[in-house]
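Participant: Model the following, please.
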Amino acid sequence: MKIPRLPVLNPLILAFLASSSLASEPIIPATRPTENTSHWVPARTREVKRQLKELPCDILFVGDSITECWEREGRQIWQSVFLPMKAVNFGISGDRTDNVLWRIKDTGLKTTTPPKCCIILLGTNNIGKWDAKQKTDDIVRGIESVCKAIRKKFPLAHLILMGVTPYGNDPAAPHRRQGDEINAKLAKLNLPYSDFLNLNDKMLNEDGTQKEGLFKDHVHLTAAGYQIWADALLPLLHKQK
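Facilitator: Numbering: from 1, shown residues only. Below you'll find the model as predicted:
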């Protein structure tokens, strides 16, 4: 039997179909716990759970790849400054607020000791995944929900809520404008026993573009970017001693 030949689709058509599929993907509410199913997550989740189980925890960092990469681009500072302060890294690349809410339930945040301080940096992947189309108020509610879940687990911990770092080099781009909107609303949350820390004025030029050398891809930080974060954090952390 002769097998009919299937037509070969133009690569541009395939790309269009793929982008159309992504564009039609429903936006997951920022407050609905949702598992991150990216292929790299299981290995990183095992490492996160190991750290929670084995390391002393006075400071808990919560977030996405920008938090996870304290152990890569920020490794020297992490090892010399934060590990001696008994810091644990609860960051996983690609996580949105809904993913972190899922992880909090999955792990129960079972640290060896209750942290004295929790540092939360989220929102970047909510902006990027949905191409700045997820509503700002929804993202803020997602970040607030993470803060409340951590507060419920660790009622005596001081929270340091980080502003979303600059997403992209163009200050007029939708991703950057939404980041600014998120930060303006986060600054007004007035969470109990907490500080709000926005690094953007230290990371941007007067015209709103990113300072050279602080970002490796206009989203993720370089070692110099992590140094700025550390310099801003340490005075707040020393206050909690």
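Participant: Can you give me the neighbour number for residue 49?
Facilitator: By other C-beta atoms under 10 Å, the residues close to residue 49 number 15. Backbone N, C-alpha and C define where each C-beta goes, glycine included.
Participant: same check, this time on residue 216
Facilitator: Counted with other C-beta under 10 Å, residue 216 comes out at 14.
Participant: And the pLDDT at it?
Facilitator: The score at residue 216 is 96. That number is its pLDDT.
Participant: what do you get for the one 10 residues further on?
Facilitator: The per-residue pLDDT reported for residue 226 equals 98.
Participant: residue ranges with poor pLDDT in this protein?
Facilitator: Residues of the chain meeting the criterion pLDDT under 70: 1-24, 241.
Participant: The residue nearest to residue 136 when sequence neighbours are not counted: neighbouring residues, count only.
Facilitator: Of all residues not flanking residue 136 in the chain, residue 181 sits nearest, at 4.5 Å (C-beta to C-beta, 6 or more residues apart in numbering). Counted with other C-beta under 10 Å, residues neighbouring residue 181 total 17.
Participant: try residue 155
Facilitator: 10.
Participant: Please, where are all the helices along this protein?
Facilitator: 11-23, 41-54, 65-68, 75-77, 97-107, 124-129, 136-153, 174-186, 200-203, 223-239 (DSSP state H).
Participant: okay, those in a markdown table with distance to residue 159 next?
Facilitator: Shown next, in a markdown table, are the helices of the chain (distance: least, C-beta to C-beta, whole Å):
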| stretch | distance to residue 159 |
| --- | --- |
| helix 11-23 | 34 |
| helix 41-54 | 18 |
| helix 65-68 | 14 |
| helix 75-77 | 21 |
| helix 97-107 | 14 |
| helix 124-129 | 18 |
| helix 136-153 | 6 |
| helix 174-186 | 12 |
| helix 200-203 | 19 |
| helix 223-239 | 10 |
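Participant: Could you check the ones you listed and tell me which one is nearest residue 30?
Facilitator: If you check each of the helices of the chain against residue 30 by C-beta to C-beta, helix 136-153 wins as the nearest, at 2.8 Å.
Participant: what residues does that closest one touch?
Facilitator: 29-31, 60, 62, 96-98, 100-101, 104, 108-109, 118, 120, 122-123, 126-127, 157, 159, 161, 178, 181-182, 185-186, 189, 191-192, 194 (C-beta atoms under 8 Å, 6 or more residues apart in numbering).
Participant: hmm, try it at 7 Å
Facilitator: Identification of contacts with helix 136-153 by C-beta atoms under 7 Å, 6 or more residues apart in numbering yields 29-31, 62, 97-98, 100-101, 104, 109, 118, 120, 122-123, 126, 159, 161, 178, 181-182, 185-186, 189, 191.
Participant: Quick check: residue 192 vs residue 146, distance?
Facilitator: Remark: distance between residue 192 and residue 146 (C-beta to C-beta, to the nearest Å) = 15 Å.
Participant: neighbour count winner among the two?
Facilitator: residue 146 (26 against 9).
Participant: any idea how far residue 202 is from that one?
Facilitator: Residue 146 sits at a distance of 24 Å from residue 202 (criterion: C-beta to C-beta).
Participant: show me what contacts residue 60?
Facilitator: Residue 60 neighbours (C-beta under 7 Å, 6+ apart): 88, 90, 111, 115, 118.
Participant: Show me these that map onto strands.
Facilitator: 88, 90, 118 (DSSP state E).
Participant: which residues sit in contact with the last one?
Facilitator: Each residue near residue 118 by C-beta under 7 Å, 6+ apart is listed here: 60, 62, 150, 154, 157, 159.
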